[in-house]
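Enquirer: mind folding the following:
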Amino acid sequence: MIKVDHRPLYLQVIDKLKHDMEAGVYEEGEKLPSEFELSKQLGVSRATLREALRLLEEEGVVVRRHGVGTFVHTKPLFSAGIEELYSVTDMIRHADMEPGTIFLSSYQIEATDDDKRRFQTDNLDQLMMIERVRTADGVPIVYCLDKLPAELIGQHSVHEINSILDHLESGSDRMITHAVTTIEPIGFHEEVSEILECEAETGLLLLKQMHYDQYDTPVLYSYNYFRADKFTFHVVRKRVKA
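Expert: Next up is the predicted model:
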């Protein structure tokens with residue numbers, strides 16, 4: 001039951017629900033009582049409860065599934081600063097989980113004019129396309145589509161490669177030093193969401209990345225689709241005065 005104080009009721013409802021979640025009254029992934037039952041328990045109107053749930057959904061604390069109910073959001077397993085460049089393999093290992101790879105396809109394509117501009121060379125003939133699913137303790141979490149000059153794969157079988165970044169650095173003086181990244185939050189993807197075994201309401205985070213070595217040479221372009229319920233990315237932003 002909500003105790004009356006000077007704050008708006010919906011803020012008190014938010015605090016109460018968060019407290020109950022932290023105390024284990026409601027577990028991750030658990031369905032909350034219906035709006036009728038919950039408003040009765042808390043002693044507030046359904047309009048007040050709906051406003052509290054709306055704000056909790058915006059915060060990512062709960063997930064509302066149309067026609068099904070409201071569920072406690074599962075906390076992401078992986079969190080990283082977007083300014084930090086880790087391979088997916090390293091991210092999984094840092095979470096004390098076992099990285100795995102499911103190879104879907106690999107093939108060579110002829111480089112287009114756009115590819116030559118992206119890789120900053122007119123001498124690019126063939127690109128290797130590698131399609132994989134990365135797993136953590138056997139659970140699919142990232143769909144990867146990687147594109148790189150075929151010569152950088154050499155005679156190696158792509159099935160022997162777990163981390164492409166590690167492969168590019170092994171046996172040479174090349175170091176992958178940075179990447180230029182574009183992040184796009186997307187909803188349900190007809191193909192990728194099914195591959196990653198996502199629920200219909202589970203979003204994806206698409207990271208488009210061009211990776212560069214210490215000579216500022218572009219060596220790998222990637223489309224990485226991360227499950228938004230498993231990953232969260234953050235960044236430290238410094239204020240710049242005009």
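Enquirer: with just CA atoms, put the helix-or-strand element of the chain with minimal mean pLDDT into PDB.
Expert: When the helices and strands of the chain are scored by mean pLDDT, DSSP states H and E, strand 78-81 comes last with a mean of 75. Coordinates of each C-alpha in strand 78-81 appear next as PDB, following Å, rounded to 0.1, in the frame of the first residue of the first chain:
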ATOM      1  CA  PHE A  78      26.800  -7.500 -21.000                       C
ATOM      2  CA  SER A  79      27.600  -3.800 -20.500                       C
ATOM      3  CA  ALA A  80      30.400  -1.900 -22.200                       C
ATOM      4  CA  GLY A  81      31.500   1.600 -22.900                       C
END
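Enquirer: gap between the following helix or strand past that strand and the chain center?
Expert: Counting by DSSP states H and E, the next helix or strand C-terminal to strand 78-81 is helix 88-94. Remark: helix 88-94 is offset 13 Å from the chain centroid, using Cα atoms, centre = their mean, to the nearest Å.
Enquirer: ok so, going back, quick one: strands adjacent to the least confident helix or strand of the chain?
Expert: strand 231-234 (parallel) (DSSP bridges).
Enquirer: where exactly do the strands run in this protein?
Expert: Remark: strands assigned in the chain by DSSP state E are 62-65, 69-72, 78-81, 99-110, 126-136, 139-149, 176-186, 204-213, 218-227, 231-234.
Enquirer: ok, now which ones touch the nearest residue to Cys198 once chain neighbours are set aside?
Expert: Nearest in space to Cys198, with sequence neighbours left out and distances taken as Cβ to Cβ, 6 or more residues apart in numbering, is Arg227 at 6.2 Å. Any C-beta I mention is one placed from the backbone N, CA and C, and that applies to glycine too. Arg227 is in contact with Pro140, Ile141, Val142, Leu196, Cys198, Thr202, Leu204, Leu205, counting by Cβ atoms under 8 Å, 6 or more residues apart in numbering.
Enquirer: contact partners for the second one?
Expert: Applying Cβ under 8 Å, 6+ apart to Ile141 gives the contacts Leu77, Phe78, Ile92, Arg134, Thr135, Leu196, Phe226, Arg227, Lys230, Phe231.
Enquirer: isn't Tyr223 right up against Glu131?
Expert: No. Judged on Cβ atoms under 8 Å, Tyr223 makes no contact with Glu131 at a distance of 9.6 Å.
Enquirer: before we move on, back to that, neighbour-wise, which of the contacts of Ile141 leads?
Expert: Using other Cβ atoms under 10 Å as the neighbour test, these are led by Phe226, with 25 neighbours.
Enquirer: pLDDT score for it?
Expert: Looking at Phe226, its pLDDT is 94.
Enquirer: dig out what it forms beta bridges with.
Expert: With DSSP bridges as the rule, Phe226 is bridged to Val142, Leu205.
Enquirer: verify the stated contact: it with Leu204.
Expert: Yes. Using Cβ under 8 Å, Phe226 makes contact with Leu204 at a distance of 6.6 Å.
Enquirer: thinking again about what came up before, now do the residue nearest to Cys198 against Val61, distance only.
Expert: 18 Å (Cβ to Cβ, to the nearest Å).
Enquirer: also Leu85?
Expert: 30 Å.
Enquirer: if we can go back for a sec, what's the closest of the strands of the chain to Glu27?
Expert: strand 69-72 (6.6 Å; Cβ to Cβ).
Enquirer: so for that closest one, what gets flagged as buried?
Expert: Residues of strand 69-72 classed as buried: Thr70, Phe71, Val72 (neighbour count, 16 or more other Cβ atoms under 10 Å).
Enquirer: poorly predicted segments of this protein, please.
Expert: 1-5, 155-156 (pLDDT under 70).
Enquirer: and the spatially most central residue of it, what does it touch?
Expert: The residue lying closest to the centre of the chain (Cα atoms, centre = their mean) is Phe226, at 3.2 Å. By Cβ under 8 Å, 6+ apart, the contact set of Phe226 is Ile141, Val142, Leu204, Leu205, Leu206, Leu207.
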